[in-house]
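In: Okay, sequence plus prediction incoming.
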Amino acid sequence: MQLQQLSYAVAVAEERHFTRAAERLHLAQPSLSRQVRLLERELGVLLFHRGPGQGLVTLTADGEALLPFIRRVLADVEATSAEARALTGMSRGRLSIGATPSLITRVLAPALVEFHASHPGIELLVVEAGSRQLVRQLASGEVDLALVVLPINDPLVATTPLFDDPLVLAVAPDHPLATRRHVGVAELDGLPLVMFREGYDLREVTLAACRDAGVEPRLVSQGGEMDGVLAFVAAGLGAAVVPAIAMPAESKLRAVSFKAPGLSRTVALAHRADRPVPRPAQALVAQLASLGAATVRRER
């Protein structure tokens, strides 16, 4: 079995097409098909169902089961190479890091600017997604590091809490609650709320807080991302529970705090539990923690 064959299989799985995968890999299609068949023979399973002509393929059940392991092997090899390069002084290499949209804007972006200034030879790959998806990508080796929201329940992923991020109720300037300094969670009962999409950690935090308080908000819109949710709030569609750090500085939106003990989420640094944090990533950890905490203090 060769590492190249594993990367070929991943390309075919992602493209669902031998011709497109061959073009992506700069290979002739017959050569790619032969290497994938050799891999299947070595593994003793059929990875792909071949369609009639046109190079179309679908993953078999065995292929679906083995694909995360193949990706993990390739990620481990890349991590080993990155660590070896790091031993020469982190002069070159690649670091992939994921974060939720609000954390990318206010925490990750400034940290990466500082990191790039001191390590210009490290290529940075940023992945924007919700915490659940990032945990899956960490486990499969697609990203090296991620800023996620606790709790995380995956034995393959280890987390280190960085800072607590307070949540506020974002409302339009003419909203009935816009002049309030504080609101209680109980006041969300029947309140029109703009809600994030399924899998978004803010959705789970908001709904869990409402359940604990025995109230039920009225969801007027669901399925949004951060920019869309704030735009709906600004248009007067409803209020939204958002991180304080996500409130745009130039916006006319009002941020109303929650009464003590308030609402918050814990932001953590996550990485694969079965291997050390990549050396380039270690240089980011302190920056992320200090920048995140400083941002939260300013917002408070």
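Out: On my side now, so go ahead.
In: domain parsing for the chain?
Out: Per the record, the chain has its domains at 3-76, 90-162+266-299, 166-264, by automatic domain parsing.
In: got TSV for these, with mean pLDDT too?
Out: Formatted as TSV, the domains of the chain follow (pLDDT from 0 to 100):
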stretch	mean pLDDT
domain 3-76	87
domain 90-162+266-299	80
domain 166-264	90
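In: mind giving me JSON lines with the ones you listed and columns for mean neighbour count?
Out: C-beta coordinates here come from the backbone N, C-alpha and C atoms, glycine included. Below are these laid out as JSON lines (neighbours: other CB atoms under 10 Å):
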{"stretch": "domain 3-76", "mean neighbour count": "16"}
{"stretch": "domain 90-162+266-299", "mean neighbour count": "19"}
{"stretch": "domain 166-264", "mean neighbour count": "17"}
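In: those helices in the stretch 1-150 of the chain, which residues are they?
Out: Using DSSP state H, counting those that start in this stretch, the helices found in the stretch 1-150 of the chain span residues 3-15, 18-25, 29-43, 61-86, 101-103, 109-118, 131-140.
In: contacting residues for Ala246?
Out: Taking CB atoms under 8 Å, 6 or more residues apart in numbering as the criterion, Ala246 is in contact with Pro101, Ser102, Thr105, Arg106, Met226, Leu230.
In: let's go with 6 Å and repeat that
Out: Counting by CB atoms under 6 Å, 6 or more residues apart in numbering, Ala246 touches Ser102, Met226.
In: Distance of it relative to Gly130?
Out: Distance, Ala246 to Gly130, by CB to CB, to the nearest Å: 14 Å.
In: Now do the shared contacts for those two.
Out: Residues touching both Ala246 and Gly130 (CB under 6 Å, 6+ apart): none.
In: surely Ala244 meets Asp165?
Out: No: using CB atoms under 6 Å, Ala244 is not in contact with Asp165, being 7.2 Å away.
In: Show me what the longest strand seen in the chain is packed against.
Out: Longest strand in the chain by number of residues (criterion: DSSP state E): strand 157-171. Contacting strand 157-171 under the criterion 3 or more CB pairs under 6 Å, 6 or more residues apart in numbering; DSSP states H and E are the following elements: helix 131-140, strand 240-243, strand 254-258, strand 264-272, helix 279-299.
In: one step back: adding distance to Phe258, write the helices of the stretch 1-150 of the chain out as JSON lines.
Out: Listed next are these as JSON lines, based on distance: least, CB to CB, whole Å:
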{"stretch": "helix 3-15", "distance to Phe258": "43"}
{"stretch": "helix 18-25", "distance to Phe258": "49"}
{"stretch": "helix 29-43", "distance to Phe258": "53"}
{"stretch": "helix 61-86", "distance to Phe258": "39"}
{"stretch": "helix 101-103", "distance to Phe258": "17"}
{"stretch": "helix 109-118", "distance to Phe258": "27"}
{"stretch": "helix 131-140", "distance to Phe258": "21"}
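In: among these, which is nearest Ala268?
Out: Minimum separation from Ala268 across the helices of the stretch 1-150 of the chain (CB to CB) falls at helix 131-140, 9.2 Å.
In: Contacts for the closest one, please.
Out: Identification of contacts with helix 131-140 by CB under 6 Å, 6+ apart yields 68, 71-72, 98, 143, 146, 148-149, 152, 154, 156-157, 199, 201, 270.
In: Can you get me the centre-to-centre distance for it and its chain?
Out: Mean-position distance between helix 131-140 and its chain equals 7 Å (CA atoms, centre = their mean, to the nearest Å).
In: could you give the angle of it to strand 264-272?
Out: 20 degrees (axes from the mean of the first three to the mean of the last three CA atoms, to 10 degrees).
In: surely Phe18 meets Ala28?
Out: No: under the criterion of CB under 6 Å, Phe18 makes no contact with Ala28, lying 10.5 Å away.
In: Tell me how far Ala111 lies from Arg272.
Out: 20 Å.
In: cool, and Ser33?
Out: 32 Å.
In: go on, Ala21?
Out: Taking CB to CB, one finds Ala21 at 27 Å from Arg272.
In: so what's Thr58 up against?
Out: By CB under 6 Å, 6+ apart, the neighbours of Thr58 are His49.
In: That one pairs with what?
Out: Taking DSSP bridges, one obtains His49 as the residues bridged to Thr58.
In: do the same with Gly224
Out: For Gly224, the beta-bridge assignment (DSSP bridges) gives partners Phe196.
In: nearest spatial neighbour of Val126, skipping sequence neighbours?
Out: The shortest distance from Val126 to any non-neighbouring residue, by CB to CB, 6 or more residues apart in numbering, is to Ile97 (6.2 Å).
In: Cross-check the contact I'm expecting between that neighbour and Leu145.
Out: Yes: using CB under 6 Å, Ile97 is in contact with Leu145, at 4.6 Å.
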